[in-house]
Every structure is written in structure tokens, then in C-alpha cells.
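Novice: no sequence on hand, only this structure:
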């Protein structure tokens, strides 16, 4: 598998097939692990960093995962290719832009990603459409077990899996859900929901996780505490005490809007439609805002002639590195804004 | 000012409000004590300074704490935000425990999944760290015979 295989399509987690995926777009589980007997990545010198990388690579390829994984060494990928992977939510900005011996191993449908030498030696990630935590958890435990047969994890009975940052110690698990909440935004109830989430020690972030600002009406909700509870408890707390209630509030907010302010709703949706169908130059930020309303319009049955598939494709393909990847010459921001507009108009014409 | 009970100079000035009325009393130390008024003793300036200095040194001492395996100091960790090696959880146990407690809402004990290999291999893990450290030194000092021996030892453990 190579970059030319993925640039024109969308990962399985964005195919809209999962339960409640109209509001809970995707759910993700990540485990942080370090190999015993080595320093943590940032404190290791270049030769030990390389040693850790080849150690993990060799052991990974000795598992039954070897045939389904595409291995990408960061030092062998171009800046555009690395950013492409970040835009697809497969690697973090840290892995893409950091120095040193780093890599990622990806499954072909992009549901599994193993970052090697990010903040920890291993960050295993499983992501899928909608709310499918049970299956995701089962899968990630499988991968964790497979790896643990081939290498020994840094672990203490007291503190659990030992991580470079004490805020991840213990289970090393981060559970997160990507939510689309335009209903709560329009009805002004978003802050209330987030305050409740923060009171439960949950983090609320933008589309790209740590350090990103919320754009459009897309948010990521995740746990912050990783010690003192079992992995299942952490998943359950997030799911039952935060995600499911918020999904329910969003549904009710949308129903209320249809009943009480259909004109306000339709105006926002169809203005967005107008802009995207006619734009000649558009930024990636504005695109996300517009796509957010189109997506709402489709789920509420207001827009019937644009497919969810097209919208999901646009989410990924309109991003900067994806656009640059289609072009040989280096694109200026203005060039990108133009080619983005062209891509959007083409996709929407195809879909109708 | 003179003590209201004897003729010595007054050093204790007490203001009482009883039934909405302000009553001021001026007494010398002896009379005040005999009246049952306890006085907070003045801490001499140099004692205060000494307390401040040893608190600072306490912080300095803490900052100088190092992990024997990876040579990271506590103050370096606080600056960078990340630890140097798994043994830091042992080397910095006391202050780290407080930090962990705060970060995880009071929790200090792992309750979740355990590696199948038992996870009680802490001794072996430290051994591996130490061997790797020694191997690096052997390579640096060009003691290749020692390096080869160490490499074998590591292979056997892993």
C-alpha cells in the first residue's frame, strides 16, 4: 500500500455506517505503551531512538498483523505526505513534525494505527464510525496482547503501564468521541453541556485533538483520568454519563429547531449550500463551517440530493495537504483556496 | 505610654469590643500575662529568614534528585513535563505520587489490565535498563569486549 492508494478516498471510520453516527461521527480508543528496559523516547539519544524503532518494528512484523499493516517511516515521507496522515487523523502533529526515529504502522482501511516513538514508544489507536466502543475495545486488546507476546512492556503493579507523562500512567487509555453538535450550538446550550462534561473530568477539544480549536460544530470529548479505574469503567463513564446524554440533547435540540424555527434552520442550511455550490475561492476553515450545515441538512432531510458520502469525502479531501498532493507545483494559500473551491463544486455536481 | 496597671512602659496594646463598645488596654508584658492575655511571641528576623532558606533548599534538594538509571533530575522533569525512563517512577516516588494523585483525582493505584507476563518483572526491567546504560558506556570507551559480553546478557534477558 502507498500514498497513491489513499489520497482519493476516505477512511472506514468516516463512512457513516456506525450507530448514532449522525451525531457521534466516530469513536476512538488509544493505548499508550513503552517497551521495558529502554529510556522514554525524548530522553533517549539518537542511537537509542533508532534502536527502539527497529526493535519495535521487528517485533511488530513478527506478529500476525504483519500482512495487514502499511509501515511508514517518518524520515522517508515528505512533509506533504506526513501532513496528509495528520489530516486523516492517523498520526498526531507531534509525530509528523517531530525529529528523530519515528514511524507509523497503518491498517489498509485506516481503522488501526500504531504510532512508534511519539511521546511514548507505542501509541495504538483503533477508530470506527459511530459509537462502537465494545468492538473497538475488543480489537485493541487483541492488538495489545499480540504485541505483548513479542515484547515486554514497562509496567509496575502500583502504577500500571508506565508512560513518559504521568498524566497517562495506569491504563494508558484515552477514549474519545467526535461529536457534531449544530443543534446545541444554534439553541445556545453548548456551554452548559461542556461545563457538565468538564465537571466529570472530561476534556472537550476541537477536531484535531490536543491543542486544536473547535471549528464548525465538531468537538472531541475524551477522558483525562487514566489511573484508578479499569479500562471498561473509563469507557462506560464516558459513554453512559457524557456521550449518550449529549447525543440525546442534540437530537432533542434538532427536533425542537425543526418544530419551532424551521426557517432559521433552513436559512443556515441553504445558505451553506449556496456558498459551496458557487464559491470560487474558499478557506479550509470556512469549508468546515459550511460542511457542518450541509451535514445537518442531510440528516434532517432538508437536503435530499447531496449524499453523505460526498460530504464525508469533502471533509478529508479539501484539507491543505490533500490539495497540495494533487499538484506538482507548490501551491500558495490563494492557489489552495481556488483549487479547494473547484474540488467542492466538482464533487457536488457529481453527487446531484 | 505607661502600663495601666503598673508604672512600667506598656508593650501590649489590646483592643476589645464588648457589647458594641471599644475598650483599649495598654499593659506591660508581665501584667498582660498575669491577666491571662497570651501574646504571640515575635519571631526574630533571622529565624524567619532561616525558615525561608531551608524551605528553598528543600525545593532545591528536591530539584537535584536524580534517577540513577537515566540521570534525569526532578527539576528537569518539571521543566520538560516528561519523564526520562520507567525507573523514574521509583526514583521520584514521593513527589511523583503527589503529582499523580492530583492528576488522577486522588487515585494512586492501577486497577486495569495487566500484561500476561505477570508484570511483577520490575527487577528484570531495571536490570535491562542498567545493562543498556553499561553497554553505551562500554561502546563510548571502546571496550568492545565488555560491550559484546553486555550485548549477550541483554539478548538472554529479552
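Specialist: Looks like it arrived, so ask away. Given the structure is predicted, the values throughout are model-derived calculations rather than measurements. Residues are numbered from 1 along each chain as shown, chains lettered A, B, ... in the order given.
Novice: run through who's touching the particular helix or strand that has residue A:297 in it.
Specialist: Residue A:297 belongs to helix A:284-299 when assigned by DSSP states H and E. Helix A:284-299 is contacted from outside by A:22, A:180, A:182-183, A:207, A:215-218, A:254, A:265, A:268-273, A:275-276, A:282, A:302-303, A:306-308, A:311, A:314-315, A:318-320, A:336, A:340, A:344, using C-beta atoms under 8 Å, 6 or more residues apart in numbering or on different chains. For every residue, glycine as well, the C-beta is placed using N, CA and C.
Novice: roughly how far apart are the residue sitting nearest the centre point of chain A and residue A:240?
Specialist: Residue closest to the mean C-alpha point of chain A, counted by C-alpha atoms, centre = their mean, is residue A:89 at 4.1 Å. Distance, residue A:89 to residue A:240, using C-beta to C-beta, to the nearest Å: 25 Å.
Novice: show me the shaky parts of chain A.
Specialist: The model of chain A has pLDDT under 70 over residues A:209-212, A:352.
Novice: grab the nearest non-local neighbour of the residue in it positioned nearest to chain B.
Specialist: When scored by C-beta to the nearest C-beta, chain A has residue A:228 as its residue closest to chain B, at 2.4 Å. Once flanking residues are discounted, residue A:228 sits nearest to residue B:107: 2.4 Å by C-beta to C-beta, 6 or more residues apart in numbering or on different chains.
Novice: for the one you found, helix, strand, or coil?
Specialist: Following DSSP: H, G, I helix; E, B strand; the rest coil, residue B:107 is assigned to coil.
Novice: need the strands for chain A, in chain order.
Specialist: A:24-33, A:69-73, A:103-107, A:112-116, A:122-129, A:155-156, A:160-161, A:173-180, A:202-205, A:218-223 (DSSP state E).
Novice: could I get those strands as CSV with distance to chain B?
Specialist: Shown next, in CSV, are the strands of chain A (distance: least, C-beta to the nearest C-beta, whole Å):
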stretch, distance to chain B
strand A:24-33, 9
strand A:69-73, 22
strand A:103-107, 20
strand A:112-116, 16
strand A:122-129, 13
strand A:155-156, 5
strand A:160-161, 3
strand A:173-180, 7
strand A:202-205, 12
strand A:218-223, 11
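Novice: wait, what's in contact with residue B:127?
Specialist: Residues counted as contacts of residue B:127 (C-beta under 8 Å, 6+ apart) are A:37, B:157.
Novice: mind running it again at 10 Å?
Specialist: A:36-37, B:121, B:153-154, B:157 (C-beta atoms under 10 Å, 6 or more residues apart in numbering or on different chains).
Novice: again, but for residue A:312
Specialist: Here residue A:312 is in contact with A:10-11, A:13-16, A:25, A:129, A:291, A:295 (C-beta under 10 Å, 6+ apart).
Novice: list buried residues within those residues.
Specialist: The neighbour-count test (16 or more other C-beta atoms under 10 Å in any protein chain shown) applied to those identifies A:10-11, A:13-16, A:25, A:129, A:291, A:295 as buried.
Novice: for the residue nearest to the centre of chain A, which non-adjacent residue is closest in space?
Specialist: Spatial nearest neighbour of residue A:89, chain neighbours left out: residue A:127 (7.0 Å); criterion: C-beta to C-beta, 6+ apart.
Novice: what sits against residue A:322?
Specialist: Applying C-beta under 10 Å, 6+ apart to residue A:322 gives the contacts A:6-8, A:80, A:83-84, A:87-88, A:284, A:316, A:336, A:340, A:343.
Novice: around chain B, which positions in the stretch 251-352 of chain A sit nearby?
Specialist: Neighbours of chain B within the stretch 251-352 of chain A, by C-beta under 10 Å from any C-beta of the partner chain: none found.
Novice: how about the helices of the stretch 251-352 of chain A, start to end?
Specialist: For the stretch 251-352 of chain A, the helices defined by DSSP state H, counting those that start in this stretch cover A:262-278, A:284-299, A:308-317, A:320-325, A:333-351.
Novice: gap between the residue of chain B found nearest chain A and residue A:200?
Specialist: With C-beta to the nearest C-beta as the measure, residue B:107 is the residue of chain B nearest to chain A, at 2.4 Å. According to C-beta to C-beta, residue B:107 and residue A:200 sit 15 Å apart.
Novice: comparing the two, which shows the higher neighbour count?
Specialist: A count of neighbours by other C-beta atoms under 10 Å in any protein chain shown puts residue B:107 above the other of residue B:107 and residue A:200, at 17 against 14.
Novice: my read: that one touches residue A:166, true?
Specialist: No: at 11.7 Å, residue B:107 does not count as touching residue A:166 under the criterion of C-beta atoms under 10 Å.
Novice: circling back: adding distance to residue A:95, write the strands of chain A out as TSV.
Specialist: Converted to TSV, those look like this (distance: least, C-beta to C-beta, whole Å):
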stretch	distance to residue A:95
strand A:24-33	13
strand A:69-73	10
strand A:103-107	7
strand A:112-116	5
strand A:122-129	8
strand A:155-156	23
strand A:160-161	19
strand A:173-180	15
strand A:202-205	18
strand A:218-223	18
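Novice: run a quick neighbour tally on the nearest residue to residue A:139 once chain neighbours are set aside.
Specialist: Leaving out its chain neighbours, the residue that sits closest to residue A:139 by C-beta to C-beta, 6+ apart is residue A:126, at 5.1 Å. Using other C-beta under 10 Å, residue A:126 has 26 other residues around it.
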